[in-house]
Every structure is written in structure tokens, then in C-alpha cells.
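A.B. asks: Coordinates only, no sequence provided:
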Ligand SMILES: [Zn+2]
């Protein structure tokens, strides 16, 4: 995502933060990884911009993904998620960083141990998005708020992964979609496939085995999309044609912003569904010069897809750092810097484990 989603919520009083259980080291990992994946669906009624729900998760829960679909013209934010004692997830404490951030009600969730951000049309959350946080099964209280004051219903889906260890590796099938003029251009195809191969190498080093599941010609996909900050409708239309796996849409340009926008992830994290409004990442060919050795297409595909698998920038333009212990702004040539640079290809162990916890990346323990 080029920027933190616009936040239009107001500050409210909050209770004291609850204690957080942090591990001393990364959690146990195995070749099998997650052995169970279950789904839940709930309808929530928003009243005066708020709703809450009690969720019941299996005892051996290690990770879960929440997707909320609401009204397209409203913003949504999971601003509280508390589990069994110590399994803190999201809360809204008043902190100095929050006060100074100008993020309003989004500050607490953003600076929570498990960061949560607002999005338009709904929201998503991956737990944990810091693998040093302890996650247990049991009863969780989830609080949701919306910028829309009118009473309305929203749909919540939940994917819960269980087992006794996190995955050392996982498999990520990728579908690439292009509008007809780009699909028919052999030079563009070579460039896209070369970038995909480079993305494969970047992800392999992070324990993620990416494979090209399909290269699609999408008749209705425009060659140039409007800026996502102006109009998301054509993005939703494109995402509605997604297929099972991670969907990457390749176009020429995303609006005419200056500086140019290289890519866009529809959410951090993406939904695990193929066709939700939070199911796609988009990259722009026009962002960098294909003739130069510094073609940024592979970097952009890998970077936006990593947002989609749950990663934030190591440091945002505003100076806010990610909550991960093993990333340092400006060091390590990290894939998740805010400035696109060809040599930034590395992912830290914590970042890689967050990505491997997203249900789009499949643990071998989930195979029959
Ligand atoms: Zn980014």
C-alpha cells in the first residue's frame, strides 16, 4: 500500500492496556506446520458505528485471519481483540506515540502489539502479525468500529489454523491477470515472467514456494486503472475474477499520481477468498523502465504481495516502525522499505513467519 489508509474516526476513552505475553524466541516450527484449517462466518449488527462479538477458537489455535465486509462508502477498523489472559491481540491504549500520530481512534490499534489498520469497505486482520506474540485458543472479544453512524449489518469471515507448530515452509499458488493488450504483447509477457521468477527466488529464501498457477487474459481489466485513492470500483470488478491463490493484476498505470504509484495491495492482509474486494494486488508496468537493469517490476510484485500476506513497511514515511524485533529501518536491504529499490530483497525471520502464517500460503500439514 502506498500509504496508511485514510483515518476518519474520532478519539474515544479507553481502558488500561492488558498485559501481553511475548515469547523469548520465535515459536516452534516444523515441516508439517499447521494441521487444521477451519472457517467461521458471522453477521454483525453495527449500531452507532460500533459492534462487538465473542469468538470461540479451538484449543490448539496458532493463527487466524479475520475479514469484515461492510458498506463500500465507509471505513472499518478492528479496534479491540482480546483473548485468554496474555493472548492480547489488538487494543486501543492511549500512548504518547498514539497521541502524537494524528491517527485518532486508529492510533491504539495501529500501535498495538498485533497491529490493526482501517480500510474502506471493510477490514482484515491477521493474528499474529508479530510471531513473538503468544496465541492461544479460547474465547476472544472482538470490537469493530465504522465511520458509518447508520445501523447496518456486516459480514465477518474467519479462517483458523491449528496445530502444534508453525510452518517452516508453505506453498503459494499465484495467478497473474493482464488486460488483452498486455496479454498479447510478447515483450510484456517476457518481462512479467522474468519478474515472477525473481519473486520466486525472493520468496523461496523466506520459506515460501511460489508457483505460477495461471497466466490469465482478463477482457474487462483496463490497461490503466484509476488511482485507488480516487476510485476502487474497477479494482473490485477485477478482483471479482480472482482464482484460488494469490491474485496479481498487471496493468500499465495506477492513475497519474506524481510520483507514480508502482503497486497497490487491496488490504494488509488480503482475504483468503479468491474474489473478495480484499483479494488482489496490482502492479504497474509503467512504474519503472523495462530497458534498464533496475527494472522494479519483480520488487513491486514481491513487495505488494508481502503486504497482502500481512507485512507492513519496516518504517512508514511518518517514521513509525513495524512492531517486529528483527527489522531495522534502513538496514538489511529489506523488501519492505518504503522506497522501492531493486536490491531490497530480504525478509527477516519474523517477516517470513508472518507471511507463512497467512492461509493463502498452504502448510504441507493441510494436504490430505
Ligand atoms: Zn509498500
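C.D. replies: Okay, I see it. Quantities reported herein were computed from a predicted structural model and do not represent experimental measurements.
A.B. asks: contacting residues for residue 33?
C.D. replies: 163, 165, 166, 167, 168, 169, 170, 356, 363, 364, 365, 366 (C-beta atoms under 8 Å, 6 or more residues apart in numbering). Just so you know, the C-beta spots here come from the backbone N, C-alpha and C atoms, and that holds for glycine as well.
A.B. asks: Flag the shaky bits of this protein, pLDDT-wise.
C.D. replies: Residues of the chain meeting the criterion pLDDT under 70: 1-18, 92-95, 97-98, 292, 368.
A.B. asks: domain parsing for it?
C.D. replies: Residue ranges for each domain of the chain read 29-167, 170-366, as given by automatic domain parsing.
A.B. asks: Adding distance to residue 23, write the ones you listed out as a markdown table.
C.D. replies: As requested, these are exported to a markdown table (distance: least, C-beta to C-beta, whole Å):
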| stretch | distance to residue 23 |
| --- | --- |
| domain 29-167 | 5 |
| domain 170-366 | 10 |
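A.B. asks: Can you check which of those gets nearest to residue 22?
C.D. replies: domain 29-167 (5.1 Å; C-beta to C-beta).
A.B. asks: The stretch 51-200 of the chain: helices as residue ranges?
C.D. replies: Under the criterion DSSP state H, counting those that start in this stretch, the stretch 51-200 of the chain contains helices at 96-101, 107-110, 180-183, 186-204.
A.B. asks: and after the longest one, which helix or strand comes next?
C.D. replies: Helices and strands here follow DSSP states H and E; after helix 186-204, the next one along the chain is strand 208-217.
A.B. asks: Which elements pack onto the helix or strand just after that next one?
C.D. replies: Downstream of strand 208-217, the next assigned helix or strand under DSSP H and E is strand 224-225. If you count contacts as 3 or more C-beta pairs under 8 Å, 6 or more residues apart in numbering; DSSP states H and E, strand 224-225 packs onto helix 233-239, strand 253-254.
A.B. asks: any chance of those in a markdown table, plus mean neighbour count and distance to residue 41?
C.D. replies: Output for these, formatted as a markdown table (neighbours: other C-beta atoms under 10 Å; distance: least, C-beta to C-beta, whole Å):
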| stretch | mean neighbour count | distance to residue 41 |
| --- | --- | --- |
| helix 233-239 | 18 | 19 |
| strand 253-254 | 22 | 32 |
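A.B. asks: Select, out of these, the one closest to residue 136.
C.D. replies: helix 233-239 (33.2 Å).
A.B. asks: which residues are in contact with the closest one?
C.D. replies: Residues contacting helix 233-239 (C-beta under 8 Å, 6+ apart): 177, 218, 220-222, 225-226, 228, 247, 249, 264, 266, 275-280, 282.
A.B. asks: again with stretch 329-340
C.D. replies: So stretch 329-340 is contacted by 202, 262, 287-288, 296, 299-300, 302-303, 306-307, 311-317, 321-322, 327, 341, 343-348, 351 (C-beta under 8 Å, 6+ apart).
A.B. asks: which among those end up buried?
C.D. replies: 202, 262, 287-288, 296, 299-300, 302-303, 306-307, 311-315, 322, 327, 344-348, 351 (16 or more other C-beta atoms under 10 Å).
A.B. asks: so of those, which ones are in strands?
C.D. replies: In strands, judged by DSSP state E, none of the buried ones among the contacts of stretch 329-340 are found.
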